[in-house]
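1. Return a 3D structure for these sequence lines:
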Amino acid sequence: DLGFNKIFSFDINKQHKSLNYDLNDPFLDKKFFNSFDLVTDFGNNEHPFNFIEAFITMHKLCKEKGFLMIHQGLFKGNGFVNFDISFFENYAAVNNYSIKHSCLVFNFPNNVFFSTPIKRDFLTTVDINKVSSISIFYLLKKEKKGDFKFPYQEYGSAWQSTEMYKMKFS
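-> Down below sits the predicted model:
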């Protein structure tokens with residue numbers, strides 16, 4: 001529907017014609033680097049124990065001006081980790097991604113859901129005992145080609161660098 005003419009899937013289970021790849025490991029096949037217009041993570045990157053390597057792989061695969069679409073569990077997820085808002089904000093900031101859209105998604109029984117802007121205050125407006133799960137969604141645009149940078153929470157991409165900033169959430 002979106003007009004893509006090539007689609008690749010990476011998975012260790014080889015389902016859906018996926019390429020056999022364990023996201024815990026560094027992805028080294030350079031023929032795929034900087035070649036995808038859209039790289040997605042629909043509740044995947046919280047499952048490998050080495051989840052950071054999965055985000056590094058996404059960065060390597062996405063081409064300049066391409067998009068990363070991430071939809072992760074925030075509450076009542078089923079992975080090794082639950083990501084916080086600051087994780088995605090810092091990941092985007094240090095790797096030259098612009099945030100095109102972000103939202104919280106509140107999922108209820110019987111496929112009822114709604115989304116809100118990302119604001120911590122919205123987490124207190126919902127009875128969490130009634131939700132099936134809460135997830136977080138980001139659509140990021142890779143503005144510049146470059147190596148992956150590791151963010152440091154609230155301090156940019158290097159603790160001893162002159163690059164310093166603090167993310168503010170309202």
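2. Could you list the buried residues of the helix or strand Phe67 falls within?
-> Assessed by DSSP states H and E, Phe67 sits inside strand 62-75. Buried positions in strand 62-75, judged by neighbour count with 16 or more other C-beta atoms under 10 Å: Cys62, Gly66, Phe67, Leu68, Met69, Ile70, His71, Gln72, Gly73, Leu74, Phe75. (C-beta placed from N, C-alpha, C; glycine too.)
3. could you point out which element follows it?
-> Heading C-terminal from strand 62-75 (DSSP H and E), you reach helix 85-94.
4. From the chain's centroid, how far away is that next one?
-> 9 Å (C-alpha atoms, centre = their mean, to the nearest Å).
5. Give me the helices and strands touching it, please.
-> In terms of contacts (3 or more C-beta pairs under 8 Å, 6 or more residues apart in numbering; DSSP states H and E), helix 85-94 is packed against strand 97-108, strand 133-142.
6. for Asn107, what are its contacts?
-> Going by C-beta atoms under 8 Å, 6 or more residues apart in numbering, Asn107 touches Phe113, Val131, Ser132, Ser133, Ile134, Ser135.
7. Same check on Phe108?
-> Phe108 neighbours (C-beta under 8 Å, 6+ apart): Lys130, Val131, Ser132.
8. number of nearby residues for the nearest residue to Phe88 once chain neighbours are set aside?
-> Distances taken as C-beta to C-beta, 6 or more residues apart in numbering place Tyr138 nearest to Phe88, at 5.1 Å, with adjacent residues excluded. Tyr138: 24 surrounding residues under other C-beta atoms under 10 Å.
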